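# sequence plus the predicted model coming up.
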Amino acid sequence: MHLRRRMSLFFYDPLKVFHLRIVERAMKALTRYAPDVSYAIMAEDTTHILVPLELHELTTSFTPDFSSVLVDIRTNARQEEDLSFAVFRAESFVLSVDRDIDGLVPLLLNAVLANVGNNKEHPFYLFLVGEKTVGQICDPVLGEELETVRSWVGPLQAFAEPTVQSYGVRLAKKVIEADERVAVLAAAEHALKAFREIGGRKLLVDRVNALRASTYGAISRMIDDKPEANLPADFADRIFRFERIRRRRKPLTVGELEKQLLTNEKERAALLERLGDAKVAATAAKEARRKAKVKPVVDALTVATKKQAALQAEIALLQAQLTPPPPQ
């Protein structure tokens, strides 16, 4: 407030200056919600403001706005939950198509190997894998892996052998599906981010902050505007007192802290045990995934080795037929 206005108030009505200072101090203490405030806190605080507003005849006119805010808090909470679920669902689809491609990569590479004499130095095989192992190609969740297999589609479909061509067709379909899944995930993440930063959540938090501040100021002015009501100097604070109580709760005693510490130690021991079990399970799962990825390669290599042995035996037999018998 302008200094001249402050001075005029001081000279003409010291009581108003006193009340003004009370309001200014209280407004500084009034919580202004951060953009990421939880819906639960907003709903709890709003309810604890709404009830005293309903109970005093001078403040009932403020209740519709706070009731409306409560409805909007629940509505926005559901909307944000739905948007978050859409992200989780899109992530699941991305992981699913990634697993499909991970399973397809070793199969098609084995098919290529079988058609180039199991020669890993063959130019076409080297074009596909470069200096990476199958595991390294499949390790990323799409991303780099998707770009790698995308470059395989055309050459695989142009390969002379029908089996390899069929893998190229299957891979092409999975690449298209992966692109669609990645696009859906990006759109879901963008929608959630926009809702939080410029959309429903941002608008709601701004609205709630503005409503709380304007209501506090309006109720504080009633102290001077309605002298016949004999309102106490902390009339507005009484309506907004719940959140201050929450922020200024009595510190825990030594006994309460020791009890919490003991409980936390027990929980920590249990969590450490669960952590050990989780690490063992994670290691076992990783090994199982590794074996699952390697198994098709091992099986194909076994089949190719048998074919190679049979082919060598057939070659030896044919060579024996061409060799002239020794002179008598």
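Good, I have the coordinates. All values reported here derive from a predicted model rather than from experimental measurement.
# test for you: state the pLDDT assigned to residue 135.
With respect to pLDDT, residue 135 has a value of 87.
# ok, residue 260 next?
At residue 260, the pLDDT value in this model is 70.
# that one: neighbour count?
11 (other C-beta atoms under 10 Å). Every C-beta, even on glycine, is put in place using the N, C-alpha and C of the backbone.
# what segments of the chain are strands?
In the chain, no segments count as strands under DSSP state E.
# in it, where is pLDDT below threshold?
Applying pLDDT under 70 to the chain picks out residues 1-29, 243-252, 256-257, 266, 292-295, 297, 323-328.
# domains in it, by residue range?
31-249, 255-328 (automatic domain parsing).
# which of these sits most buried?
Among the domains of the chain, the stretch with the highest mean neighbour count (mean count of other C-beta atoms under 10 Å) is domain 31-249, at a mean of 16.
# how far is that domain from where the chain is centred?
When distances are taken as C-alpha atoms, centre = their mean, to the nearest Å, domain 31-249 is centred 6 Å away from the chain's centroid.
# phi first, then psi, for residue 230.
phi 50, psi 50 (degrees, to the nearest 10).
# repeat that for residue 131.
Main-chain torsions, residue 131, degrees, to the nearest 10: phi -100, psi 10.
# how far away is it from residue 58?
Residue 131 sits 79 Å away from residue 58, going by C-beta to C-beta, to the nearest Å.
# just the helices from the protein, written as ranges.
Using DSSP state H, the helices of the chain run over 3-12, 14-29, 39-55, 63-115, 123-129, 134-138, 144-150, 153-157, 162-197, 200-225, 235-239, 241-247, 254-322.
# so which elements touch the longest one?
Same thing as helix 254-322. Using 3 or more C-beta pairs under 8 Å, 6 or more residues apart in numbering; DSSP states H and E as the contact definition, the elements that helix 254-322 packs against are helix 63-115, helix 134-138.
# to residue 228, which of the ones you listed lies closest?
Nearest to residue 228 among the helices and strands packed on helix 254-322 is helix 63-115; the distance by C-beta to C-beta comes to 22.4 Å.
# what angle do the closest one and helix 200-225 make?
160 degrees (axes from the mean of the first three to the mean of the last three C-alpha atoms, to 10 degrees).
# compute the inter-axis angle for helix 63-115 and helix 254-322.
Going by the same axes, to 10 degrees, helix 63-115 is angled at 20 degrees with respect to helix 254-322.
# for helix 63-115, packing partners?
helix 39-55, helix 123-129, helix 134-138, helix 144-150, helix 162-197, helix 200-225, helix 254-322.
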